[in-house]
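> Structure, please.
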Amino acid sequence: MNKTPLNQIHRQLGARMVDFGGWDMPVQYSGVIAEHKAVRTTAGLFDVSHMGEIEVSGGQAFDFLQYATTNDVSKLTDGQVQYTALCYETGGVVDDLTLYRFAADRYLLCVNASNSDKDFAWLQELLKKTDFSDVTLINRSAEYAQLALQGPVAANILAKLTSTDLSGISFYRFEEGLVAGIRTIISRTGYTGEDGFELYCAAADGVTLWQELMKVGESFGLQPIGLGARDTLRLEKAYALYGHEITAEIMPLEARLAWITKLKKGDFVGREAMLKAKEAGLLRKLIALTITTSGVPREGYPVLSGGREVGYVTSGTMSPSLKKGIALALVDAAVAESEEPLEIGIRKRQVPAERTSLPFVK
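Sure, this is the predicted structure:
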């Protein structure tokens, strides 16, 4: 199994470790609910060093990324981050990612851990098929450690360790600076819905950065957070997770990601298939459901209408904030646009499910 530079730290803290896409990762420390609440009320620190980083540079880097990704790269300026996706010609998703612009000829892609090798191979193959000769791709995943400091007091904690003016880094912006004397990319991004930062440093500096953050954060109530709470936090905000809301068989348009799919920007991989699907009328759409009775919706559970299966749960959990079951579900488009009553099949029961607006937690 792959291990992040902080593997021993997690074991020393008594974390429960699991196999996550081939990585030995902490699923929880004190418990999912306690960790979830810490991020919502104070702050939490995540080891996300398993994520992949791919550098794209060269005179045609912009043109290549504009063709390879769904969002409009022309909207980016230096020091800005963009949420976007790579798609197949069929319109299905290769991966979702964040795109960092350092300069007009230098970008960094942060991709999902289990997809980093696949994404890099996809980009290499795409480059071979096109005329973008002045592009260099480098998989730098092994060179980085990445920590996510998230929560209402995240900025207060980080300010103790850096002279960088954090108030000057707005949402989805980044700067390079020193944190605890360590050269770091300080990005105001995250996967929790709270204020916070994703911090990229050299792999060899990951342990020191973690320790310094935890030391300063102790008086603020900073807690180490595992993958379990990371999932409940993102689901309360209805953030998509690859392999669930988006897959090779699910288009961004079906997954409420039309806002990162700029069909008017010009040609890009998957655009033609998505245009055809949109013109014909999407067959499926993602909706949000809550359960007010007992029961916890889980991935793969069927969604029913009048006893007829009309879709399935892509992600589901018991919301620690709302104290009730919540789910994202991919259902027939006609059902998504109607008001007909729905149920979720939980084991041998059919449990009433109410449609709700997103995010689940405001």
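> now stretch 58-69, how far from the centre of its chain.
Centroid separation for stretch 58-69 versus its chain: 22 Å, with CA atoms, centre = their mean, to the nearest Å.
> Just the mean pLDDT for that stretch, thanks.
Across stretch 58-69, the average pLDDT comes to 98.
> Equivalent analysis for stretch 327-342, please.
Mean predicted lDDT for stretch 327-342 stands at 96.
> in it, what counts as buried?
A327, L328, A329, L330, V331, D332, V335, A336, L342 (16 or more other CB atoms under 10 Å). Placement of C-beta: from N, CA and C, glycine included.
> now, which of those sits nearest G270?
L330 (18.1 Å; CB to CB).
> any residues touching the helix or strand hosting that closest one, and which ones?
Using DSSP states H and E, L330 sits in strand 324-332. Outside strand 324-332, the residues that touch it by CB atoms under 8 Å, 6 or more residues apart in numbering are 235-236, 238, 244-245, 250, 254-255, 283-292, 295-297, 301, 303, 310-319, 342, 344, 353, 356, 360.
> Show me these that map onto strands.
Here DSSP state E is the test, and these give 284-291, 303, 310-319, 342, 344, 353 as lying in strands.
> show me where this structure has helices.
Here the chain has its helices, by DSSP state H, at 7-12, 32-41, 61-68, 116-129, 154-159, 206-217, 227-236, 271-280, 333-336.
> looking just at contacts, which helices and strands does the shortest one meet?
Put plainly, it is helix 333-336. Judged by 3 or more CB pairs under 8 Å, 6 or more residues apart in numbering; DSSP states H and E, helix 333-336 is in contact with strand 284-291.
> what does the fifth one give?
Under the contact criterion of 3+ CB pairs under 8 Å, 6+ apart, helix 154-159 touches strand 196-202, helix 206-217.
> okay, now the closest residue to S74 other than its chain neighbours: neighbour count?
Of all residues not flanking S74 in the chain, Q66 sits nearest, at 6.9 Å (CB to CB, 6 or more residues apart in numbering). Counted by other CB atoms under 10 Å, the residues lying close to Q66 total 18.
> coming back round to it: what pairs with the strand holding L330, parallel or antiparallel?
strand 284-291 (antiparallel), strand 308-319 (antiparallel) (DSSP bridges).
> and the shortest one, average pLDDT?
Going back to what we said before, that points to strand 284-291. Computed over strand 284-291, the average pLDDT equals 98.
> same thing with the longest one?
Here the mean pLDDT over strand 308-319 is 98, rounded to a whole number.
> Let's see it as CSV, backbone CA atoms only.
Extracted in CSV, the C-alpha atoms of strand 308-319 (Å, rounded to 0.1, in the frame of the first residue of the first chain):
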residue,chain,number,x,y,z
ARG,A,308,-40.9,1.5,-9.3
GLU,A,309,-37.1,2.0,-9.2
VAL,A,310,-36.3,5.4,-10.7
GLY,A,311,-32.6,5.9,-9.7
TYR,A,312,-30.1,5.2,-7.0
VAL,A,313,-28.2,6.9,-4.2
THR,A,314,-24.8,8.1,-5.3
SER,A,315,-23.7,9.2,-1.7
GLY,A,316,-25.6,9.0,1.6
THR,A,317,-24.9,9.3,5.3
MET,A,318,-26.3,10.3,8.7
SER,A,319,-25.7,14.1,8.8
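> Pull out the buried residues from that strand.
Under the neighbour-count criterion of 16+ other CB under 10 Å, strand 308-319 has V310, G311, Y312, V313, T314, S315, G316, T317, M318, S319 buried.
> rewinding a little: can you dump the C-alpha atoms of the strand holding L330 in PDB for me?
Taking Å, rounded to 0.1, in the frame of the first residue of the first chain, the C-alpha atoms of strand 324-332 are listed here in PDB:
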ATOM      1  CA  LYS A 324     -30.900  12.900   9.900                       C
ATOM      2  CA  GLY A 325     -30.200  10.900   6.800                       C
ATOM      3  CA  ILE A 326     -29.100  12.800   3.700                       C
ATOM      4  CA  ALA A 327     -28.500  11.600   0.200                       C
ATOM      5  CA  LEU A 328     -27.600  12.600  -3.300                       C
ATOM      6  CA  ALA A 329     -29.300  10.500  -5.900                       C
ATOM      7  CA  LEU A 330     -29.200  10.100  -9.600                       C
ATOM      8  CA  VAL A 331     -32.700   9.700 -10.900                       C
ATOM      9  CA  ASP A 332     -34.700   9.800 -14.100                       C
END
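> tilt between that strand and helix 227-236?
Going by axes from the mean of the first three to the mean of the last three CA atoms, to 10 degrees, strand 324-332 is angled at 60 degrees with respect to helix 227-236.
> ok, so what distance separates K160 from V313?
42 Å (CB to CB, to the nearest Å).
> same check, this time on A273
25 Å.
> so which of the helices and strands packed on helix 154-159 comes closest to S187?
Of all these, strand 196-202 comes closest under CB to CB, at 4.6 Å.
> CA atoms only for the closest one, dumped as PDB, please.
Taking Å, rounded to 0.1, in the frame of the first residue of the first chain, the C-alpha atoms of strand 196-202 are listed here in PDB:
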ATOM      1  CA  GLY A 196      -9.700  27.200   5.300                       C
ATOM      2  CA  PHE A 197      -6.500  26.500   3.400                       C
ATOM      3  CA  GLU A 198      -4.900  23.700   1.500                       C
ATOM      4  CA  LEU A 199      -1.100  23.800   2.000                       C
ATOM      5  CA  TYR A 200       1.300  22.200  -0.400                       C
ATOM      6  CA  CYS A 201       5.000  21.700   0.700                       C
ATOM      7  CA  ALA A 202       7.900  19.400  -0.100                       C
END
